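[1] The following comprises the amino acid sequence and a computationally predicted model.
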Amino acid sequence: MFKDMLGNVRKQCPIVHNITNYVTVNDCANILLATGASPIMADDINEVEEITSICSALNINIGTLNSNTIDAMYTAGRKAKELSHPVVLDPVGAGASTLRTATAAGLLRELQPTVVRGNISEIKALASGASGTKGVDADTCDKITLENIDSAVEFAKDFAARNNTVVAITGAIDIVADRKKAYCIFNGNAMMSSVTGTGCQLSAMTAAYIAANKDNILEATAASVCAMGVCGEIAYARLTKDDGNSSYRNYIIDAVYRLDGETLERYAKYEIK
Amino acid sequence: MFKDMLGNVRKQCPIVHNITNYVTVNDCANILLATGASPIMADDINEVEEITSICSALNINIGTLNSNTIDAMYTAGRKAKELSHPVVLDPVGAGASTLRTATAAGLLRELQPTVVRGNISEIKALASGASGTKGVDADTCDKITLENIDSAVEFAKDFAARNNTVVAITGAIDIVADRKKAYCIFNGNAMMSSVTGTGCQLSAMTAAYIAANKDNILEATAASVCAMGVCGEIAYARLTKDDGNSSYRNYIIDAVYRLDGETLERYAKYEIK
Amino acid sequence: MFKDMLGNVRKQCPIVHNITNYVTVNDCANILLATGASPIMADDINEVEEITSICSALNINIGTLNSNTIDAMYTAGRKAKELSHPVVLDPVGAGASTLRTATAAGLLRELQPTVVRGNISEIKALASGASGTKGVDADTCDKITLENIDSAVEFAKDFAARNNTVVAITGAIDIVADRKKAYCIFNGNAMMSSVTGTGCQLSAMTAAYIAANKDNILEATAASVCAMGVCGEIAYARLTKDDGNSSYRNYIIDAVYRLDGETLERYAKYEIK
């Protein structure tokens, strides 16, 4: 099934509108191209409605949130909803500042994004409205492990139900859940956290997957998360003794470019709860 | 002749002022360094006149057009014209939104850029003033092929004549034309369209080529377009079975860094029409 | 001693707040991760105080200075000083425009940064308040050589004394000085100047080093400069005949990721004056 989902991305080549941060934007564009989609980045309020209208999905990422673009995020988001385009929200650093927590919460409430993707600390900050995260990385104390996975699944399902969304909580173990069903995904490699923007890239790629699989949002999101994890594993296997996080970044995107449906199916490691 | 043009870039090390998008800006800086030029990025209206004054060329790219920087584009452009510095305009996504189409058209009209470089859909949008392009990529129906190349050449020459510019329309086949003469260039590799910003990089590099070859704008532009295509071929030949678009991006810039005049001459494939 | 300083970065994983340019920001984030720190980029005035409060150091870089973010730089800087967080100032292009020179001078005066890192032309522009640099690269006539090194050391110590800071002047030969003591560092490779942002990356990394070694700012800064130079050498040794500046960029960050304290100690080449 994941195989067909990747196939649909490649067949449909969805154009994805990104309003995103300036740190990882180039990698987001390249991973969208790698997966078979087409990126467009546009954040000026005077064009976001038109731009989102010619696209198939909208990816909103608050990684370098700027007061000037918040309105553009709402405006683009409303237009996307009006056109029934899927919307991904990546609440980067929610919990790290009032501006980020409030903006992410406001976008979540008003836009009801199709998918929300973040690390556990960001999603917890969104759920509680409280601050206190360790910058843009997840707090160690929040980490999802085999011991606390059941409560994490409950949390994810509850978050999804309350916000009428699919939530993708990513980390060493990933949970992708709607109100009823959760994929617990065990792909990936710890070294991915040493590459800036693997989360942002996943959010962008997820927008492409759900754009091409609109009737199957939960599974398409899980497929995208598995794809990123599998590519993280493939790329890791390619590292030489001299390679570090910069080459790893390139190899991950390369692996997304080379990924075929059979490989994705074969290496996807998940349980449904 | 192309050989000498690259040689002039390396000898003169022109500083190129870029007002460009935040998606591909790092690659633009690195390709300018690779080709022997020196990049400076500056888009604040309070400094663009001074910055452009210490440079040898100006490259304006509307890839993530922002209302705040439009004035800076005009201001820098006017100063560059006043100083007889060559100006490149890259109308990224012209046709995709009213803001982009109008801004590109306005810059074209007022600044009469030395070179306009875009894909066929962007140049058509500029020629007609009409919207309707597929995001930042060229529409398939606009594609230049061996069948329609003569009419594309006529279109390019007419565009150049009407706008008093040299136009570089790039894609599978590239056309570089002034009002009288056109280079049809057959270098490059289809995979270049899977790397974000190869067009932006080419525009930046072209600014360096024309800065160092001011008396020969048409040929310098053709040399730059051939150089990018040849480097796309060299980089493609280097790909291993694990490499994808991210490594390809690096290899293209690497090839520009390593390119010598003899290789450029030998592999440049073009016809003059 | 340098060994322990790198060890402290790896042990403490300091979060570094960066207000930086959009050209090299991704590389700054990846080099911070490579060295064992955690980056956060935030430049909106409505969140910079909160963000800097959860961080251990602040890195201010004016590479694409924008009027909107100047206030954010001052606001974040004042907060960081209030909390006794170390602050790095990278005056990119000081001397190239009035806006840059004045902003860098103002930040220097008001914030008294813990470390100022720039090329010799930028530091000279800051010292004199005068403009006239060659864009973002150092003027050849300013170059520090074995012949003029003693006067350069005097200049650096004087600059440090007048501005109550540690200054890192980087180039073919690097000088890291406080009012009394200077490290003259001979690591690095000339090809590093063909990679955009090696200076910006060094400034970001230095913020991590001084955050983790607050009682030893001069030595921590020298350790960071040596680390960058040593990694430039390691990366250079790795280049194949096809590699250029883009692969070199990746290899430098890779080398930072792989660098251990012993290697840093062994290959650091410096004299104390």
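    All right, it came through fine.

[2] what about the strands in chain A?
    A:15-19, A:38-41, A:57-61, A:87-90, A:115-118, A:166-169, A:174-177, A:182-185, A:270-272 (DSSP state E).

[3] Need those strands in TSV (columns: mean pLDDT).
    Output for the strands of chain A, formatted as TSV (pLDDT from 0 to 100):
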stretch	mean pLDDT
strand A:15-19	98
strand A:38-41	98
strand A:57-61	98
strand A:87-90	98
strand A:115-118	98
strand A:166-169	98
strand A:174-177	98
strand A:182-185	98
strand A:270-272	98
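
[4] Give the buried residues for stretch A:172-184.
    By neighbour count with 16 or more other CB atoms under 10 Å in any protein chain shown, stretch A:172-184 contains the buried residues A:172, A:173, A:174, A:175, A:176, A:177, A:178, A:179, A:181, A:182, A:183, A:184. Heads up, the C-betas are built off the backbone N, CA and C, glycines and all.

[5] Skipping adjacent residues, who's closest to the second one in space?
    Nearest residue to residue A:173, sequence neighbours excluded (CB to CB, 6 or more residues apart in numbering or on different chains): residue A:144, at 4.8 Å.

[6] quick one: residue A:198 and residue A:229 touch, right?
    No - taking contacts as CB atoms under 8 Å, residue A:198 lies outside contact range of residue A:229: 9.9 Å.

[7] Mind pulling the model confidence for residue A:136?
    What the model reports as pLDDT for residue A:136 is 68.

[8] What of residue A:139?
    What the model reports for residue A:139 is a pLDDT of 72.

[9] same deal with residue A:132?
    What the model reports for residue A:132 is a pLDDT of 55.

[10] Same question for residue A:98.
    At residue A:98 the predicted local distance difference test score is 95.

[11] Then the one 4 residues further on?
    Listed pLDDT for residue A:102 reads 96.

[12] In contact with residue A:177, which residues?
    Residue A:177 is in contact with A:153, A:156, A:157, A:159, A:160, A:166, A:167, A:169, A:183, A:218, counting by CB atoms under 8 Å, 6 or more residues apart in numbering or on different chains.

[13] export these to CSV and tack on distance to chain C?
    Output for the contacts of residue A:177, formatted as CSV (distance: CB to the nearest CB, whole Å):
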residue, distance to chain C
A:153, 28
A:156, 25
A:157, 30
A:159, 24
A:160, 28
A:166, 27
A:167, 23
A:169, 19
A:183, 28
A:218, 31
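
[14] Could I get the CA-only coordinates of stretch A:202-209 as CSV?
    Extracted as CSV, the C-alpha positions of stretch A:202-209 are listed here (Å, rounded to 0.1, in the frame of the first residue of the first chain):
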residue,chain,number,x,y,z
LEU,A,202,9.7,15.2,6.3
SER,A,203,6.9,17.8,6.7
ALA,A,204,7.4,19.0,3.1
MET,A,205,7.5,15.4,1.8
THR,A,206,4.4,14.5,3.7
ALA,A,207,2.5,17.4,2.0
ALA,A,208,3.4,15.7,-1.3
TYR,A,209,2.3,12.3,-0.1
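
[15] next one: that stretch to chain centre, how far?
    Relative to the mean C-alpha coordinate of its chain, stretch A:202-209 is positioned 6 Å out (CA atoms, centre = their mean, to the nearest Å).

[16] for stretch A:103-121, same thing?
    Using CA atoms, centre = their mean, the distance from the centre of stretch A:103-121 to the centre of the chain it belongs to is 11 Å.

[17] Roughly how far does the closest residue to residue A:220 other than its chain neighbours sit from residue A:268?
    For residue A:220, ignoring the flanking residues on the chain, the nearest one in space by CB to CB, 6+ apart is residue A:213 at 3.7 Å. When CB to CB, to the nearest Å is the yardstick, residue A:213 and residue A:268 sit 15 Å from each other.

[18] Looking at these two, which has the bigger crowd around it?
    Legend: neighbour count by other CB atoms under 10 Å in any protein chain shown for residue A:213 and residue A:268, higher for residue A:213 (26 against 21).

[19] Now do the end-to-end distance for stretch A:109-120.
    Taking CA to CA, to the nearest Å, the first and last residues of stretch A:109-120 lie 19 Å apart.

[20] Is it in proximity to chain C?
    No - no part of stretch A:109-120 sits near chain C under the criterion CB under 8 Å from any CB of the partner chain; the closest distance found is 12.6 Å.

[21] Go through that stretch and flag the buried ones.
    Buried residues in stretch A:109-120, counted by 16+ other CB under 10 Å: A:111, A:113, A:114, A:115, A:116, A:117, A:118, A:119, A:120.

[22] And for stretch A:51-70?
    Here stretch A:51-70 shows A:51-66, A:69-70 as buried, counting by 16+ other CB under 10 Å.

[23] what about the helices in chain A?
    Listed in chain order, the helices of chain A (DSSP state H) span residues A:2-12, A:25-35, A:48-53, A:67-82, A:98-111, A:120-128, A:149-163, A:198-212, A:217-238, A:245-258, A:261-267.

[24] Many thanks, I have nothing further to ask.
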